[in-house]
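[1] A predicted structure for the sequence below; I have some questions about it.
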Amino acid sequence: MTHNDRLNVLRGPQFKNGIESENHGSESFDTMQIFFNYQELYSQRIWSEVVTTIIDTFTIFGDNYYSITLVLFLAFLFFDLFALFFLRARLMDQMREDIFESRGILNLIPNQAIENNKQEVESIIKKLKN
């Protein structure tokens, strides 16, 4: 870019070799117009960077949110499996011991009800012994 081209950009197209053209407006108006044109280009670059940054941020947030929820779900699932296999077995053993210790309560059940359901009662007693 030559020196005259730079001056033309700074002063506006109304100047040719240092002489103002008559068909253009005042020098200050043209200078302000050039200033605003450059500011518009600068602002467009800034806004495109801001929009790109926001989109990237939301993408990263979405990926992180997915990862965190997946880890939390898997932790919940492993806790449920642990409770199902280990804690449930302990609970069943404890209940079996409590029932076996309280088998004397069977004396409160009428003999007629036990005789009518003898097979079911015998199967329950066998299960309790095991």
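    Nice, I can see it. A quick note: this is a predicted structure, and the numbers were derived from the prediction, not measured.

[2] Residue 130 is in contact with residue 99, correct?
    No: with contacts counted by C-beta atoms under 8 Å, residue 99 stays clear of residue 130, the gap being 11.9 Å. (C-beta placed from N, C-alpha, C; glycine too.)

[3] So these two - more neighbours on which side?
    The residue with more neighbours, out of residue 99 and residue 130, is residue 99; 13 against 5, by other C-beta atoms under 10 Å.

[4] Could you check how far the more buried one is from residue 50?
    Using C-beta to C-beta, to the nearest Å, residue 99 is found at 70 Å from residue 50.

[5] Run a quick neighbour tally on residue 121.
    Neighbours of residue 121 using other C-beta under 10 Å come to 15.

[6] for it, what are its contacts?
    Taking C-beta atoms under 8 Å, 6 or more residues apart in numbering as the criterion, residue 121 is in contact with residue 114.

[7] Now it: which helix or strand?
    Element membership for residue 121, per DSSP states H and E: helix 118-129.

[8] any idea which element residue 65 lies in?
    helix 27-82.

[9] list the helices and strands that helix packs on?
    helix 3-11 (3 or more C-beta pairs under 8 Å, 6 or more residues apart in numbering; DSSP states H and E).

[10] what about the residue nearest the centre of the chain, distance to residue 75?
    Nearest to the mean C-alpha position of the chain, counting by C-alpha atoms, centre = their mean, stands residue 65 at 2.5 Å. Counting by C-beta to C-beta, the gap from residue 65 to residue 75 is 16 Å.
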